[in-house]
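1. Please work out how this folds:
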Amino acid sequence: MSLAFLFGSSTWARTRDTRINSPLLYRLSYRGIQEGAIIMIHDLLVNLRRRIFTMKMKLIGWIALALLTLLLLIPFLIPMQTYQHQIEQVASAKLGVPVAIQSLHIALLPSPRANMDGIVVGGNAEITVANVAAVLDVTTLFDKVRVVSRLEIHQPVFKQAALQVIKGIHLSDEATIVVRHIEVDEAKLEWQGSNLPVLNAEVAMSDAGKLEKAIIKSADDKLMVEAVPNDNGYVAHIKAKQWTMPVGLPVLFDKLESDISYKKQTLQVSNFNAELYRGKMGLSASLDWRKDWHLQGKFNTQAIELAGATKALGKPVKLSGRISGEGSFSSQSKEAGYLTDALGLDYKFSVTKGVLHGLDLVKAASLLIKQGQSGGETRFDELSGVLKMRGKLLELHQIKVASGLLEATGEVKVMPDKKLSGKIEAALKQSLALVAVPLELSGTIDNPSVKPTKAALIGAVAGTAVLGPAGTALGVKAAGALDKLFGN
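-> Residues are numbered from 1 along each chain as shown. Predicted coordinates for the structure are as follows:
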């Protein structure tokens, strides 16, 4: 056994011993001194370039950090109080009412913008805005007309009196600021007697300051309005689903679509088609406020379920069935909030397969007693009439009720305090003849009462006395004729 096998050769030592087998020494040993030196210089240069690159990147990082710090500090170094007062003065002059801004500051990141917080417009805070951010187009800062690429308005609140403020806005013909895009979120309209939803909006504007397109949505996505300019005015298309009317009666629409046009302080509603309470409704209307507020329109209903609608409105069911008909309405008022108080409405209707709750006309006409009858119900195949409403006074004319046992006609008046008055002539089927009994209606909507008229009772007594039981009906009939003759 050789010594090389036991202790290794010199070659083995150079190639296996990690203490001396560096790449550089290896190449010096086997490739020669000259080539090894070249390789060593190359490695030194590579390491030097790496260090220089690392130093450059660190320098760039420090410079970027310094610039970022400077961008963050610059807004705090600019005195904004003077500019804030100037903006308040210009806005007050344009709107004709006091304007106050709680704070104004500039931000350069993530994009150059001016932020205004706590804006109050009007002496009674008719308009308040939590925050407005104007994102600036820096390329136009030194131009004659500066461009705001996006105006973000957060949580504005408009009271009803804000309409007068908006109507008084005076815009100069030569604009010095152009707003291209407006975003509004969580806008609230606080109007008397209404429950308007929170709204979000996106508005695109032209360089001339004109509306190009506006999309308004409720925060719950139940309502959407899309508006565009048209013929010196605007047209809008409305879509709604599972939406409750915010003004007047809280009517729930399963589905609604309509077109609205605006021109010169006149609003026109057309192509209004809605699905509600298992039925349908169509409507056309106009609203004009050039001087006073004027409202007028026409509508129609198809098979709307009365019981479901009444329950949804939180009222006790007095009349069930499915109602169809046509009507018109109009109103005039000095202020928009009082249009419903002055509303006049005429509606010719027909209710099929329903029940009149709270009154039993068959029983009332059969008993011929002096005491008024209340409670019970009257089932009918059809109930028709004409509804007239003037403010809070409601009248029902040309009432006709038809069923297997009963035919009735009448006139009813409902006073503003819900008291009832009226006359009903109920004709009961006895054998092959109809015996009409004049009935007097009284009580309230919640507790109606009906009984034969005094003339009907006297006629029944007189007929019975003269002809016996067979004369009762003749006496009642004669009494009814006298009631009609003298208008009682």
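2. low pLDDT regions in the stretch 101-250 of the chain?
-> Scanning the stretch 101-250 of the chain with the threshold set as pLDDT under 70 gives 108-110, 138, 141-142, 167-175, 193.
3. can you pull out the strands in it?
-> For the stretch 101-250 of the chain, the strands defined by DSSP state E, counting those that start in this stretch cover 113-121, 127-136, 146-159, 177-179, 181-190, 199-205, 211-218, 223-230, 233-244.
4. Dump those strands into a markdown table; add distance to residue 90 and mean neighbour count as well.
-> C-beta coordinates here come from the backbone N, C-alpha and C atoms, glycine included. As requested, those are arranged in a markdown table below (distance: least, CB to CB, whole Å; neighbours: other CB atoms under 10 Å):
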| stretch | distance to residue 90 | mean neighbour count |
| --- | --- | --- |
| strand 113-121 | 13 | 18 |
| strand 127-136 | 14 | 18 |
| strand 146-159 | 14 | 18 |
| strand 177-179 | 10 | 16 |
| strand 181-190 | 19 | 16 |
| strand 199-205 | 19 | 16 |
| strand 211-218 | 23 | 15 |
| strand 223-230 | 27 | 16 |
| strand 233-244 | 27 | 16 |
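5. Can you add distance to residue 444 and give the ones you listed back as a markdown table?
-> Formatted as a markdown table, the strands of the stretch 101-250 of the chain follow (distance: least, CB to CB, whole Å):
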| stretch | distance to residue 444 |
| --- | --- |
| strand 113-121 | 47 |
| strand 127-136 | 44 |
| strand 146-159 | 37 |
| strand 177-179 | 57 |
| strand 181-190 | 34 |
| strand 199-205 | 40 |
| strand 211-218 | 38 |
| strand 223-230 | 37 |
| strand 233-244 | 28 |
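6. Of all those strands, which one is nearest residue 84?
-> Evaluated with CB to CB, the strands of the stretch 101-250 of the chain place strand 113-121 nearest to residue 84, the distance being 8.1 Å.
7. could you measure the nearest residue to residue 114 once chain neighbours are set aside against residue 208, distance?
-> Closest residue to residue 114 apart from its sequence neighbours, by CB to CB, 6 or more residues apart in numbering: residue 134 at 4.7 Å. Applying CB to CB, to the nearest Å, one obtains 19 Å for the distance of residue 134 from residue 208.
8. what's the answer for residue 401, then?
-> The value you get for residue 401 to residue 208, if CB to CB is used, is 63 Å.
9. show me where this protein has helices.
-> Under the criterion DSSP state H, the chain carries helices at the ranges 3-7, 10-16, 23-31, 33-77, 81-95, 162-167, 306-312, 361-367, 454-467, 471-486.
10. Quick test: name the residue nearest the centre of this structure.
-> Relative to the mean C-alpha position of the chain, the nearest C-alpha, by CA atoms, centre = their mean, is the one of residue 197, at 4.6 Å.
11. was I right about it contacting residue 220?
-> Yes: Residue 197 sits in contact with residue 220 when judged by CB atoms under 8 Å, with a separation of 6.7 Å.
12. give the contact list for residue 412.
-> Under the criterion of CB atoms under 8 Å, 6 or more residues apart in numbering, the contact list for residue 412 reads 395-396, 399, 420-422, 424, 441.
13. swap the cut-off to 7 Å and go again
-> With contacts taken as CB atoms under 7 Å, 6 or more residues apart in numbering, residue 412 has the following neighbours: 396, 399, 420, 422, 441.
14. Specify the beta-bridge partners of it.
-> Here residue 412 shows beta-bridge partners residue 396, residue 422, assigned using DSSP bridges.
15. show me where the stretch 301-450 of the chain has strands.
-> Listed from the start of the chain, the stretch 301-450 of the chain has strands (DSSP E, counting those that start in this stretch) covering 319-333, 344-357, 377-390, 393-402, 406-414, 420-430, 433-443, 448-452.
16. Just the pLDDT for the residue lying closest to residue 326 once chain neighbours are set aside.
-> Spatially, and ignoring its direct neighbours in sequence, residue 326 is nearest to residue 300 (4.7 Å; CB to CB, 6+ apart). Here the pLDDT value assigned to residue 300 is 97.
17. What about residue 282, how many residues nearby?
-> By the measure other CB atoms under 10 Å, the count of residues near residue 282 is 15.
18. can you tell me how far it sits from residue 267?
-> Using CB to CB, we find residue 282 at a distance of 18 Å from residue 267.
19. next one: residue 186
-> As for residue 186, its distance to residue 267 is 25 Å (criterion: CB to CB).
20. list the buried ones in stretch 258-274?
-> Residues of stretch 258-274 classed as buried under the neighbour-count rule (16 or more other CB atoms under 10 Å) are 258, 260-262, 267-269, 272, 274.
21. any idea how far residue 204 lies from residue 156?
-> Where residue 156 is concerned, residue 204 sits at a distance of 19 Å (CB to CB).
22. so residue 337 touches residue 192, yeah?
-> Yes: Residue 337 is within contact range of residue 192, at 4.6 Å (criterion: CB atoms under 7 Å).
23. So these two - more neighbours on which side?
-> Here residue 337 and residue 192 are compared on neighbour count by other CB under 10 Å; more neighbours surround residue 337, at 15 against 12.
24. picking that back up, name the residues contacting each of residue 337 and residue 192.
-> Contact with both residue 337 and residue 192 is made by residues residue 160, according to CB under 7 Å, 6+ apart.
25. returning to what we had before: the residue nearest to residue 326 against residue 282, yeah?
-> Yes: the criterion here is CB under 7 Å, and residue 300 meets it with residue 282 at 4.9 Å.
26. which residues touch the residue nearest to residue 326?
-> 282, 325-326.
27. Go again with 10 Å.
-> Listed by CB atoms under 10 Å, 6 or more residues apart in numbering, the contact set of residue 300 reads 280-284, 324-327, 347.
28. Now list the buried members of the residues you listed.
-> Applying a neighbour-count criterion of 16+ other CB under 10 Å, the buried members of the contacts of residue 300 are 280-281, 283-284, 324-325, 327, 347.
29. which of those residues lies closest to residue 124?
-> residue 283 (35.0 Å).
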